[in-house]
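> how would this look folded up:
(chains A, B and C)
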Amino acid sequence: MIRPILSAAAVAALATAAPAAEHGGVKVGMITTLSGGGAGLGIDVRDGFQLALKMAGADNVELVIEDDQRKPDVAVQLADKMIQSEQVDVLTGIIWSNLAMAVVPAAVNQGKFYLSPNAGPSQLAGAGCHENYFNVAWQNDTLHEAAGAYASGDGGFSNTFILAPNYPAGQDALTGFKRTYEGELAGEIFTQLGQTDYAAEIAQIRASGADSVFFFLPGGMGISFMKQYADSGVDIPLVGPAFSFDQGILQAVGAAALGVKNTSQWSKDLDNEANVAFVAAFQEEYGRLPSLYASQGYDTANLLLSAMDKADVGDMDAFRAALKEADFASTRGDFAFADNHHPIHDIYVREVIQEGDVFTNKIVGTALTDHSDVYGADCQM
Amino acid sequence: MRRETLLNAAIALGLLAVPLWAWSAGEPFTITLATRAAILALAGVGLNLALGLGGLVSLGHAAFFGVGGYAMGILAHHAQTFAPLDLGLFTVAGTKSMPVIWLTAMVFSALAALAIGALSLRTSGVYFIMITLAFGQMFYYFAISWPAYGGEDGLSIWVRNGFPGLNTLDPIQFFAICYVLLMAALVLSAVIARSPFGLALNAARQVPQRVETVGIPVYRVRLVAFVISGTITGLAGALFADLNRFVSPSMFSWQLSGELIVFIILGGTARLFGPVAGACLFVALEHWLGGLSDYWHIYLGALLLGVVLFARGGLIGTLAGREVAHD
Amino acid sequence: MTLLLFLEQVLNGLQFGVMLFLMAAGLTLVFGVMGLINLAHGSLYMIGAFAAAATAAATGSFLLGLAAALAAAAAAGAIVEVAVIRRLYPRDHLDQVLATFALILIFSEGTRWIFGSFPLFLDTPPWLSGPVTLPGGIQYPLYRLALIGVGLAVAAGLFLLIARTRLGIQIRAGESDREMIAALGIDISRLYTLVFALGAALAGLAGALVGAIQSVQVGMGEPVLILAFVVIVIGGIGSIKGALVGAILVGLTDTLGGVLLPLLFGVFLDPSAAMSIGSALASMSIYILMAAVLVVKPQGLFG
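So this is what the prediction gives:
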């Protein structure tokens, strides 16, 4: 938790000897979270991104990586540095929506491309969209919408209790769920951000007569909630977005998560050529299973490489058009960009299972097909 | 004292020379770092009035920093969306003018300091530290869960606010503004320290009972000092928000309060230029240590520990010799 | 809300309060005897949780994990006391704040360096998991009942220790006159190390107990630390009794505030506005409680 406020230029200049200015090269600035509490996500995005570069043997991408410590002001500062001093062509890497909102609008207005490997705040998908901004992950509401569709669809639930922390992403999560959910709500609770004890909420769930519970509690909050929920003896089924069931977190939740349904655009058992190669190469390279975030970092790098094959980054219009085509093999299967440069993709339902000693997910269904977000209508590009 | 005066002049000139060099060498990011150091130093100068001179160890000054930041964020937000701020009885148009924003930031952080100070100063010592910390947390949680201005996401301001006659988007010009304000705050601190009010405050730190016996109301003197202190820190908050063109609840975090204290001790407690030296050193350290390892906080912690245990008097104390008994 | 649900929430508040007491007791003891303000107390809580998780994972035994937590936190406390804290007793609070702030940086990043960036796994033991049915039909997790029991037992033990034992006499003497007990020939530096290690062990125990139902991660100590500060300010710094009363007050206020305030606002606001305003106010409720106590009694309830 303790991270001093000032910027740390944790520079890990990787990759290539060839300067980006040379023919066909691109200089990429990655601002992501590598220290402190949320570091696991940033490390996965970074590793996925670097793996894709390595597998493609790309020697014309110069990558500068910096640690934002999950602090908006540090991220802004690093973006200034990347743009002013490093003169990068493309920015990427930010994990959190609040950091993205602090960095992205200024960066794209200064003529840089931004490829988002994780955050997808609604403002940037709607009225605040920009031609240089591409989201390779999802719009923030997407996985919650999928959970809503699953709950009243294949899940067969009609009386769901919903809860999320009281902050913008939490409010968006409940809105997203309600957008596609067709049943009744047994209750709706906002918890505190960073809350660690959910006894009071679990008691309310038990008393509510709900037939299912939808929760969005990212990071440590989800771990605490699931452990306490399992221990409380309440056996109402849980549904949630993939964030609380990612590979890094599941091991800390343990058996308490078994059987829980969660929605994701990716899963390690997705059977397509790109994904099989990715999962195998990631395990070989890093000695652990890839997560959702690693797959997004990997896709982001491959999108970039596909555009570099078609156009020079110096010709912004051509490069932008090349990015828009999304002509790369995504780990999630079919992938295309909608008019607001956010993905059109399928969202799956996964179930938490145990494979030997390792807790992981397997796909049990599809919640949404060729889904794109609702905010695109407000986007004027 | 003369050695310290020379050292102070060297620090002031150094903080000016580095960005000027960076400007001529075309290194805009170094100017941004220097601006950051100047703004954090300004916040430290504010805290130093309460902490160094008055002995009031506030671990909640981030509250005023954040109030200043949000004053900027809210006014500029309403200006950029052209939606006046509706206060029920009347509406206020937003503004992109720095002087107006500064004034608002100072007024509101003064009010916050008055409220927090009035309650907290009823206590002293460890109680005071913990209470100010808790009030800071209260502001933090409020900022996170209050949805009107972005909650945890914070507010982005597209373009830096303006100052008549200057182009604030030019890093060196914005630095100049911050530098001038920092110097003004230092002059103000020096004047306060020598004034009867400053002497009373200093005496109240050492022997409050005697000050009370002379007929000076200690509580009121401390409260005034606390309010001035909070006001300066609030101004720094508005500048900090403008530097980043962004405000978020992280400006209220208790770690930031802790870091303001770190600046003061690193530079030298109760020294006029202590916070300036401390903030510059801190910015530089983090810049370099961060390049060494992902786990650079360990080194930073060890270094801070070393300063507290073995280099009492901080940077200025070490370089300028022991503190001469205060006037 | 039914009466039963309300009673269950009271029980939850009580359990939260009792765990806060374990944290606050160490803080207030260290302050009372040595006059030291220790921001790094939350790090000892974290060390307890990590030691328990690592040991439980290696041996499969929750009790061994608890023992490891106590030992690791006490050892860390003793080492830190001898190496660093001891030099801080004659210093003012400012130096103490800064030095212990530096210790947080070292402990947090050090833990991340050793255990990595992902949370660790620690579960309740099988013989304490699942719910039990209380009189009146409340289904309540057995583990949480055990937490209340352990917390109250530790509180009772602590009172006995201070009231009845030789160490307790020395602690009480140290609280009222530090120079005097040194003059009486008591090895004061050993006493200080003991008290600090005792406080650290309590924090480590709390970390391990709570870690089984929460996320064991770097930085888990700081939010609890701040709550523990609120507790001892309300109770009166240096008073164990104050810490117990303060902890239970804060536990109940936090839990019941979160449940009742949104309901209260729901009476005259539409549900989603009531939810968000009520939640916002609930997150501030303990600080409001603290301010109210201070207006009436600036030295806390038992200060």
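
> Which helix or strand contains the residue of the stretch 151-300 of chain B found nearest chain A?
Residue nearest to chain A within the stretch 151-300 of chain B (CB to the nearest CB): residue B:290, separated by 2.8 Å. From N, CA and C alone the C-beta is placed, and that goes for glycine too. Assigned by DSSP states H and E, residue B:290 belongs to helix B:274-292.

> Just the buried positions in that helix, please.
For helix B:274-292, the neighbour count (16 or more other CB atoms under 10 Å in any protein chain shown) marks B:274-283, B:285-287, B:289-290 as buried.

> Can you name the element that comes right after the helix or strand bottoming out on mean pLDDT in chain C?
Using mean pLDDT, DSSP states H and E, the weakest-scoring helix or strand in chain C turns out to be helix C:178-183, at a mean of 73. Proceeding N to C from helix C:178-183, the next assigned helix or strand is helix C:188-211, under DSSP H and E.

> between the next helix or strand after that next one and helix C:188-211, how many degrees?
Counting by DSSP H and E, the next helix or strand C-terminal to helix C:188-211 is helix C:221-235. Computed by axes from the mean of the first three to the mean of the last three CA atoms, to 10 degrees, the angle separating helix C:221-235 from helix C:188-211 equals 110 degrees.

> Report the secondary structure element holding residue A:28.
Secondary structure from DSSP H and E places residue A:28 in strand A:26-32.

> For that strand, which helices and strands make contact with it?
helix A:39-56, strand A:61-67, helix A:72-81, strand A:90-92, helix A:292-310 (3 or more CB pairs under 8 Å, 6 or more residues apart in numbering or on different chains; DSSP states H and E).

> Show me the contact partners of the shortest one.
When contacts are taken as CB atoms under 8 Å, 6 or more residues apart in numbering or on different chains, the neighbours of strand A:90-92 outside the stretch itself are A:26-31, A:49, A:79, A:82-83, A:103, A:107, A:112-117, A:300, A:304, A:313.

> got it, and the third one?
By CB under 8 Å, 6+ apart, the residues outside helix A:72-81 that reach it are A:5-9, A:29, A:31, A:66, A:68, A:91, A:94, A:98-99, A:102-103, A:106-107, B:28-29, B:32, B:36, B:154, B:240, B:244-246, B:248, B:250-251.

> chain center to it: distance?
Mean-position distance between helix A:72-81 and its chain equals 20 Å (CA atoms, centre = their mean, to the nearest Å).

> Just checking the distance from the longest helix along chain B to the centre of its chain.
Secondary structure of chain B read by DSSP state H shows that its longest helix is helix B:218-244. With CA atoms, centre = their mean as the basis, helix B:218-244 stands 7 Å off its chain's centre.

> again, but for stretch A:201-218
That offset, for stretch A:201-218, works out to 25 Å (CA atoms, centre = their mean).

> Dump it to CSV, restricted to CA.
Included here for stretch A:201-218 are C-alpha records, laid out as CSV according to Å, rounded to 0.1, in the frame of the first residue of the first chain:
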residue,chain,number,x,y,z
GLU,A,201,-23.6,-8.0,3.5
ILE,A,202,-23.7,-11.8,3.6
ALA,A,203,-26.3,-11.6,6.4
GLN,A,204,-28.4,-9.4,4.2
ILE,A,205,-28.0,-11.8,1.3
ARG,A,206,-29.1,-14.7,3.4
ALA,A,207,-32.2,-12.8,4.6
SER,A,208,-33.1,-11.5,1.2
GLY,A,209,-34.5,-14.8,-0.3
ALA,A,210,-32.4,-14.3,-3.5
ASP,A,211,-31.9,-17.2,-5.9
SER,A,212,-28.5,-15.9,-7.0
VAL,A,213,-25.8,-13.3,-6.2
PHE,A,214,-24.0,-11.1,-8.7
PHE,A,215,-20.9,-9.4,-7.3
PHE,A,216,-18.1,-7.2,-8.7
LEU,A,217,-15.3,-7.0,-6.1
PRO,A,218,-12.0,-6.9,-7.8
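
> now check it, is it near chain B?
No - if you take CB under 8 Å from any CB of the partner chain as the test, stretch A:201-218 misses chain B, and the best it gets is 11.9 Å.

> Buried ones in that stretch, by neighbour count?
Going by neighbour count (16+ other CB under 10 Å), the buried part of stretch A:201-218 is A:201-206, A:208, A:210-218.
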